[in-house]
Every structure is written in structure tokens, then in C-alpha cells.
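**Q** got a sequence here, can you build the structure:
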Amino acid sequence: MLFLLATPEYNNIQSNTTKVRVHLRSGIAEVFDQHQDLMGKIDNNLVEIETNFENRLEKFLFVLQDAVFIVSNQKNNSTPSAFENEGTGVYVYAKRAKEVNSSTSLEEITKQYDQKFSVLEGLKQNSEDKVNASKILLLNEEVEFLKKVITVIKNPKS
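**A** As a prediction, the model looks like this:
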């Protein structure tokens, strides 16, 4: 099964995916090979995938912002030719994505969060013009995303 995660700054393609777990408002959907065509919004911003690499099961967890997914059993002409397949494809498109694994540094993410939060608070105090209003909106989204990443790193089952 093919898995593609795409954001404006990040792409991840896995061609040997065995299971994709998508966290939705109504629960968790697990997608396996030959799953029915499906699409929707990822509401709690988590996607987990399992791959079989050299007979070893590997798991990946991604924290997403504003993500949608598509499950398709149709051949997709937009996938790179090296990854063409006739089977199931899971395509996830998000505004931002961060892979959470054992090498993800909580300290580094917390530092980024603190810096962005400080800038946000400073802008809120000086929010006289409309230019600052749009900066505040975008920066608030970044702060909320980093906060979610920190929460998931601290407690991956959240």
C-alpha cells in the first residue's frame, strides 16, 4: 500500500505501508490494503502508519495541522513513476506536519514554542494595525501546532 504525506515544506512517501491509522472526530479509522475509497478531514491531527521494511515492522507517528486524507484504489497519475501501484493509496495533505519519533527533541520543540509564544504576546500588545492582526493569526496557528506536538511527545497516546 502506498502512503503519501504532503505539506508545502515536507513530503513523505512510503511504498511498503501495511496499515494507516487516521484519528477522526468519530473515532479511529484503520486503512489496510484494498480498503474502500474514502476521504475526510483528520480532526485530532494524528496519523500513524506501519510499514514492513526488510521483514521488520516500523511505526511512524505524525502530528498534522489542518489535514485531509484520501484513500483510493485507483491508479494515481500524480504519483512518481517509481511508486506506481495498482493497489490502495493513502494520500494525506496538511498545512504542517511533524514526525514524532525517538529522535524528536522535546527540548528543541519547547524552545521553538517559547520563542513563538513570546513573539505572539508582544504582537498582541501592539496590535494596532491590520498587518499585525494577520501576523497574530498566523503565529497563533504555529503556537497551537507546536503545543500539540509537545503534548504528543510527552504522551504519545493522547
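**Q** contacts and neighbour counts: CA atoms only from here.
**A** Noted.
**Q** how about the longest strand belonging to the chain: buried residues?
**A** Of all the segments assigned as strand in the chain under DSSP state E, the longest by residue count is strand 56-65. Judged by neighbour count using 16 or more other Cα atoms under 10 Å, the buried positions of strand 56-65 are 61-65.
**Q** closest one of the residues you listed to residue 106?
**A** The nearest member of the buried residues of strand 56-65 to residue 106, counting by Cα to Cα, is residue 63 at 13.7 Å.
**Q** and the residue positioned nearest the centre of the chain, bridged to which residues?
**A** The C-alpha lying nearest the average C-alpha coordinate of the chain belongs to residue 64 (Cα atoms, centre = their mean; 2.9 Å). In this entry, residue 64 is beta-bridged to residue 97, by DSSP bridges.
**Q** quick one: the longest helix that the chain contains to strand 56-65, angle?
**A** The residue-count maximum for a helix in the chain (DSSP state H) belongs to helix 130-154. Between the direction of helix 130-154 and that of strand 56-65, the angle (axes from the mean of the first three to the mean of the last three Cα atoms, to 10 degrees) works out to 150 degrees.
**Q** what helices or strands is helix 130-154 leaning on?
**A** Helices and strands touching helix 130-154, by 3 or more Cα pairs under 8 Å, 6 or more residues apart in numbering; DSSP states H and E, are strand 56-65, strand 96-100, helix 106-125.
**Q** the longest one packs against which elements?
**A** For helix 106-125, the elements it packs on are helix 130-154, judged by 3+ Cα pairs under 8 Å, 6+ apart.
**Q** now the helix it packs on: buried residues?
**A** Residues of helix 130-154 classed as buried under the neighbour-count rule (16+ other Cα under 10 Å) are 136, 139-140, 142-143, 145-150, 152-153.
**Q** again with stretch 13-26
**A** When neighbours are counted by 16+ other Cα under 10 Å, the buried residues of stretch 13-26 are found to be 14-15, 17-24.
**Q** and those residues as JSON lines, adding pLDDT, secondary structure and distance to residue 132?
**A** Below are the buried residues of stretch 13-26 laid out as JSON lines (pLDDT from 0 to 100; DSSP: H, G, I helix; E, B strand; the rest coil; distance: Cα to Cα, whole Å):
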{"residue": "14", "pLDDT": "87", "secondary structure": "strand", "distance to residue 132": "40"}
{"residue": "15", "pLDDT": "85", "secondary structure": "coil", "distance to residue 132": "43"}
{"residue": "17", "pLDDT": "90", "secondary structure": "strand", "distance to residue 132": "43"}
{"residue": "18", "pLDDT": "90", "secondary structure": "strand", "distance to residue 132": "46"}
{"residue": "19", "pLDDT": "91", "secondary structure": "strand", "distance to residue 132": "43"}
{"residue": "20", "pLDDT": "91", "secondary structure": "strand", "distance to residue 132": "40"}
{"residue": "21", "pLDDT": "90", "secondary structure": "strand", "distance to residue 132": "38"}
{"residue": "22", "pLDDT": "89", "secondary structure": "strand", "distance to residue 132": "35"}
{"residue": "23", "pLDDT": "84", "secondary structure": "strand", "distance to residue 132": "34"}
{"residue": "24", "pLDDT": "80", "secondary structure": "strand", "distance to residue 132": "33"}
